[in-house]
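> Sequence and predicted structure are below.
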Number of protein chains: 2
Amino acid sequence: MPECVYTAGMRASDRAHLTLREEIIAGDLAPGSVLAEVEQSARLGISRTPLREALGRLVADGLAAPSAGRGVVVTAVSLDEAAPLFDLRIALEVLAVRRSAENAQHDPAARELFSGLAVRFEDAVAPLREGAEPSEYYALTEELDRAIDSTSGNAYLTDSLRTVRIHLVRLRRLSRHSPERLAESAREHAAIARAVAGTNPELAAAATVLHLQHALSHLRTASLPAPDPPPPGGPAQPSTASTALGPEARLKETTA
Amino acid sequence: MPECVYTAGMRASDRAHLTLREEIIAGDLAPGSVLAEVEQSARLGISRTPLREALGRLVADGLAAPSAGRGVVVTAVSLDEAAPLFDLRIALEVLAVRRSAENAQHDPAARELFSGLAVRFEDAVAPLREGAEPSEYYALTEELDRAIDSTSGNAYLTDSLRTVRIHLVRLRRLSRHSPERLAESAREHAAIARAVAGTNPELAAAATVLHLQHALSHLRTASLPAPDPPPPGGPAQPSTASTALGPEARLKETTA
DNA sequence: TGGTCGATCACTGTATACAAAACGGGCGAG
DNA sequence: CTCGCCCGTTTTGTATACAGTGATCGACCA
């Protein structure tokens, strides 16, 4: 497995937090997996102390929750959470793009930034429709997110959006994204970036609502079959982390 | 110094987190104070390990920030942050009351709850105008917050609001609240509760915008230039806060 | 045979000891 | 006189050892 990020020089607790977060988001650590301290510290080659700090940050992120007596378990994620999550997300993102568009009126560099992003999104439409790998497109959307964060001028808002986006990435994995939808999404992103570059707050807000409503409705209709069969009250089977790599770990980015 | 909360049975890290958070919010730990691990662990009578966890949660809450080589320092708070904080707060609270009002349409118990709160807010108007202690009123507002949180039906939203409200309490300490303003605020809160009880989302949203805009403008105009002198029984000395800080780091905030 | 009680076990929570790294002060050279 | 470098001190980062607590499983009794 490739160490995708440059991990040298950072603290062990940061490495553990990053690794566990990616594994949870990727699904390698299935919801319900118990993150036992001794087990995970041994697996990651670190001690319990930095691992505990990493687990605490995971809990703060909402990716794990403490279970009485069993340590922390990976939180479940389902499409039922899409509605409340998008409800919040729409409010936050609309506010962010509105402020970015307003602030861009006195910031020529920001206008240039968003103009460039708009062009890059438009250039990404055709390849996506032809079935290109969406990872590059996702990186572009993260770049747009960062641009909005930096120009909205509201650290509190950026912080709230950070948490929302973490959960969003997990939700995205529950749905299959067709090339048509990805291309449409890129067009919508281009419209948002263009509206911000044009310093039109209302247009930017409307474009954002449009995009997010489309994303939500598509998320609902293109859901993947749930890997967990048990319908009764029990939320998730307490599968141990070491054995969780078996059944459902192989649904890796099959979106095409 | 009253131990206001029941601390038996909880973990040492929870106690430390709670204690430090209250001290920061109350101003006993002034902005810029260095929270050295050995010093604070000795003061609170615990070891460094649970204290570290408490500091980590403080950083996650935004009440402290890590400073390279100096440990974590209490974050500064000023009225300059009121604008972005309220910008986010308005978006979140408006969404919350809107959803609460919607959900109350199918929840008679919620309507009863908000009706009762509206009456209690109206009953609090007269005493506040006559200079009553606002602590009881603040407890009532927290009760309204909890009612909105529980009926909005959105855990993500509730979580974001939690962080906002922590910072809000710190901001509130920077401003003086006249009995007139407190009474007016109680009336506005009553209007919000009444609108939710009446299952009118738009009215509830408008009442919330009205209240928060009033609160923000009053916060700006009634700032405290020189806060309270140090408390007479104040045992917690600012420790190394003033020693390691340069002249420019000493902000206008002092212990409240 | 079913229920309940007890012991065992594993896990977390806490404390302390060790090591690395960064800041501040002091010294010397230019 | 100022700038740059070096070293001591203090701080955090990490590892490990210990204790308390809860759950699980087995045995015993009704």
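That came in fine, so what should we check first?
> Excluding covalently adjacent residues, which one is nearest to A:Asn154?
Of all residues beyond its chain neighbours, the one nearest A:Asn154 is B:Pro84 (4.1 Å), with distances taken as C-beta to C-beta, 6 or more residues apart in numbering or on different chains. For the C-beta atoms, the positions are set from N, CA and C on the backbone; glycine is no exception.
> Report the contact partners of that neighbour.
When contacts are counted by C-beta atoms under 8 Å, 6 or more residues apart in numbering or on different chains, B:Pro84 touches A:Gly153, A:Asn154, A:Ala155, A:Tyr156, A:Leu157.
> count of neighbours near the first one?
Neighbour count for A:Gly153, taken as other C-beta atoms under 10 Å in any protein chain shown: 17.
> so what pLDDT did it get?
Per-residue pLDDT puts A:Gly153 at 96.
> Skipping adjacent residues, who's closest to it in space?
Going by C-beta to C-beta, 6+ apart, A:Gly153 has A:Asn103 as its nearest residue, at 5.5 Å.
> The last one too?
For A:Leu157, ignoring the flanking residues on the chain, the nearest one in space by C-beta to C-beta, 6+ apart is B:Leu88 at 4.9 Å.
> how much space between the residue in the stretch 1-150 of chain A positioned nearest to chain B and B:Pro31?
Per C-beta to the nearest C-beta, A:Pro84 is where the stretch 1-150 of chain A lies closest to chain B, at 4.1 Å. For A:Pro84, the distance to B:Pro31 equals 35 Å [C-beta to C-beta, to the nearest Å].
> For the stretch 1-150 of chain A, which residues are neighbours of DNA strand D?
A:Arg11, A:Ala12, A:Ser13, A:Ile46, A:Ser47, A:Arg48, A:Thr49, A:Pro50, A:Glu53, A:Ala68, A:Gly69 (C-beta under 7 Å from any atom of the strand).
> What is the burial count for the second one?
When neighbours are counted by other C-beta under 10 Å, A:Ala12 registers 18.
> circling back to that earlier point, kindly calculate the angle that the helix or strand hosting the residue nearest to A:Gly153 makes with helix B:82-104.
Assigning secondary structure by DSSP states H and E places A:Asn103 in helix A:82-104. Interaxial angle, helix A:82-104 versus helix B:82-104 (axes from the mean of the first three to the mean of the last three C-alpha atoms, to 10 degrees): 150 degrees.
> pLDDT of helix A:82-104, averaged?
98.
> Could you give me the buried positions within it?
A:82, A:84-104 (16 or more other C-beta atoms under 10 Å in any protein chain shown).
> State the next helix or strand along the chain beyond that helix.
Helices and strands here follow DSSP H and E; after helix A:82-104, the next one along the chain is helix A:108-129.
> the inter-axis angle of that next one versus helix A:82-104?
On the basis of the same axes, to 10 degrees, helix A:108-129 is oriented at 140 degrees to helix A:82-104.
> Tabulate the CA atom coordinates of helix A:108-129 in PDB.
Taking Å, rounded to 0.1, in the frame of the first residue of the first chain, the C-alpha atoms of helix A:108-129 are listed here in PDB:
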ATOM      1  CA  PRO A 108      -8.600  41.100  -7.600                       C
ATOM      2  CA  ALA A 109      -6.400  38.200  -6.800                       C
ATOM      3  CA  ALA A 110      -9.500  36.300  -5.500                       C
ATOM      4  CA  ARG A 111     -11.300  37.000  -8.700                       C
ATOM      5  CA  GLU A 112      -8.400  35.600 -10.700                       C
ATOM      6  CA  LEU A 113      -8.300  32.600  -8.500                       C
ATOM      7  CA  PHE A 114     -11.900  31.700  -9.000                       C
ATOM      8  CA  SER A 115     -11.800  32.500 -12.700                       C
ATOM      9  CA  GLY A 116      -9.000  30.000 -13.100                       C
ATOM     10  CA  LEU A 117     -10.900  27.400 -11.100                       C
ATOM     11  CA  ALA A 118     -14.000  27.900 -13.200                       C
ATOM     12  CA  VAL A 119     -12.000  27.300 -16.400                       C
ATOM     13  CA  ARG A 120     -10.400  24.200 -14.900                       C
ATOM     14  CA  PHE A 121     -13.900  22.800 -13.900                       C
ATOM     15  CA  GLU A 122     -15.200  23.400 -17.400                       C
ATOM     16  CA  ASP A 123     -12.100  21.600 -18.800                       C
ATOM     17  CA  ALA A 124     -12.900  18.700 -16.500                       C
ATOM     18  CA  VAL A 125     -16.400  18.200 -17.800                       C
ATOM     19  CA  ALA A 126     -15.600  16.400 -21.100                       C
ATOM     20  CA  PRO A 127     -13.100  13.900 -19.600                       C
ATOM     21  CA  LEU A 128     -15.500  13.100 -16.800                       C
ATOM     22  CA  ARG A 129     -18.300  12.400 -19.200                       C
END
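> tell me which residues in it are buried?
In terms of neighbour count (16+ other C-beta under 10 Å), helix A:108-129 has its buried residues at A:110-111, A:113-114, A:117-118, A:120-122, A:124-125, A:127-129.
> downstream neighbour of it in the secondary structure list?
Later in the chain than helix A:108-129, the nearest helix or strand by DSSP H and E is helix A:135-152.
> chain center to that following helix, what's the gap?
12 Å (C-alpha atoms, centre = their mean, to the nearest Å).
> which SS state does the residue nearest to A:Leu210 when sequence neighbours are not counted fall under?
The shortest distance from A:Leu210 to any non-neighbouring residue, by C-beta to C-beta, 6+ apart, is to A:Glu188 (6.3 Å). With DSSP: H, G, I helix; E, B strand; the rest coil as the basis, A:Glu188 sits in helix.
> these two touch, right, A:Glu188 and A:Gln213?
No - checked against C-beta atoms under 8 Å, the pair A:Glu188 and A:Gln213 is beyond contact range at 10.0 Å.
> ok, A:Thr221 - how many residues close by?
By other C-beta under 10 Å, the burial measure for A:Thr221, its neighbour count, is 9.
> can you check A:Leu174 too?
Counted with other C-beta under 10 Å, A:Leu174 comes out at 20.
> Pop the domain breakdown of chain A in here.
Here the domain parsing of chain A from automatic domain parsing is A:12-77+A:229-242, A:79-221.
> so how far is B:Ala197 from the residue most central in space within chain A?
When C-alpha atoms, centre = their mean is applied to chain A, the residue found nearest the centroid is A:Val169 (2.6 Å). Distance of A:Val169 to B:Ala197, computed by C-beta to C-beta: 38 Å.
> and if you look at A:Ala96?
32 Å.
> Repeat that for A:Leu117.
46 Å.
> cool, A:Leu55 as well?
42 Å.
> So between these two, which is more surrounded?
Neighbour tally, A:Leu55 and B:Ala197, criterion other C-beta under 10 Å: the higher count belongs to A:Leu55, 25 against 22.
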